[in-house]
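1. pasted the sequence and its predicted model underneath.
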Amino acid sequence: MLTALMMATMLQQAAPVWDAPRAEPAAVAEMAAPPPDLPAWALADPFGWERSQCSPLLRKDASMEACQARVRHDLSAALGDRLPAGLQPPGEPVPCLATPDDTGAYPVQCGLPERRTAQSVTPRIAECRSRPARQGGSVAFVTECEPEAGETRGLTFRLGDRD
């Protein structure tokens, strides 16, 4: 019974929508948005402008990512190619720059420059002890430092005068 009712309902439907040609939507002429009206200090300090506009006090419930995207888009429209690389909106092409390499040459590199970290040398820990010594006619404290052996590692506790 239920099946017959469903079949009757399907057969009574009007002409199928897919048979009728669809009217093309009217072409909407998109007008280029005028560049945002930013204060002079925003153009002079774009990082400060982003911090001020994306402060939790101003953005209220909007997410930080949405606020940064909006502010960076506005700055990109206002500053053009003068926009610092750290504020470029996602998806913007990265310009090709001549960056120095290890040999002193300046090859052209397209994309974000890779960050190089300086190799850090771990300082050698020295064992220093102060002891009294006679200098001239008086007693002075002299500090003697000996570099720690490379094999000695780990945590040590000094108990009394012995290690």
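-> Great, that's in hand. Numbers count the residues shown, from 1 in each chain.
2. which strand or helix spans Glu146?
-> Assigned by DSSP states H and E, Glu146 belongs to strand 138-147.
3. what lies in contact with that strand?
-> Among residues not part of strand 138-147, those counted as contacts by CB atoms under 8 Å, 6 or more residues apart in numbering are 124-134. C-beta: built from backbone N, CA, C; applies to glycine.
4. mind doing that once more with 7 Å?
-> The list of residues contacting strand 138-147 from outside it, by CB atoms under 7 Å, 6 or more residues apart in numbering, reads 124, 126-133.
5. save these as TSV, and put in neighbour count, distance to Gln12 and pLDDT too.
-> Output for the contacts of strand 138-147, formatted as TSV (neighbours: other CB atoms under 10 Å; distance: CB to CB, whole Å; pLDDT from 0 to 100):
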residue	neighbour count	distance to Gln12	pLDDT
Arg124	9	92	69
Ala126	10	96	76
Glu127	11	97	81
Cys128	9	98	87
Arg129	9	103	88
Ser130	9	104	91
Arg131	8	108	90
Pro132	9	112	90
Ala133	10	113	89
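6. could you dump these to JSON lines with secondary structure and distance to Glu144?
-> Putting the contacts of strand 138-147 into JSON lines (DSSP: H, G, I helix; E, B strand; the rest coil; distance: CB to CB, whole Å) gives the following:
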{"residue": "Arg124", "secondary structure": "coil", "distance to Glu144": "16"}
{"residue": "Ala126", "secondary structure": "strand", "distance to Glu144": "10"}
{"residue": "Glu127", "secondary structure": "strand", "distance to Glu144": "9"}
{"residue": "Cys128", "secondary structure": "strand", "distance to Glu144": "7"}
{"residue": "Arg129", "secondary structure": "strand", "distance to Glu144": "6"}
{"residue": "Ser130", "secondary structure": "strand", "distance to Glu144": "8"}
{"residue": "Arg131", "secondary structure": "strand", "distance to Glu144": "7"}
{"residue": "Pro132", "secondary structure": "strand", "distance to Glu144": "12"}
{"residue": "Ala133", "secondary structure": "strand", "distance to Glu144": "10"}
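7. now the strands: where do they sit in this protein?
-> Across the chain, reading from the start of the chain, the strands by DSSP state E fall at 96-98, 108-110, 126-135, 138-147.
8. partner strands of the last one, with direction?
-> Strand partners for strand 138-147, identified by DSSP bridges, are recorded as strand 126-135 (antiparallel).
9. the lowest-mean-pLDDT helix or strand in the chain - contacts with which helices or strands?
-> Within the chain, confidence by mean pLDDT, DSSP states H and E is lowest for strand 96-98 among all helices and strands, at a mean of 74. Contacts of strand 96-98 with other secondary structure elements, assessed using 3 or more CB pairs under 7 Å, 6 or more residues apart in numbering; DSSP states H and E, are made with strand 108-110.
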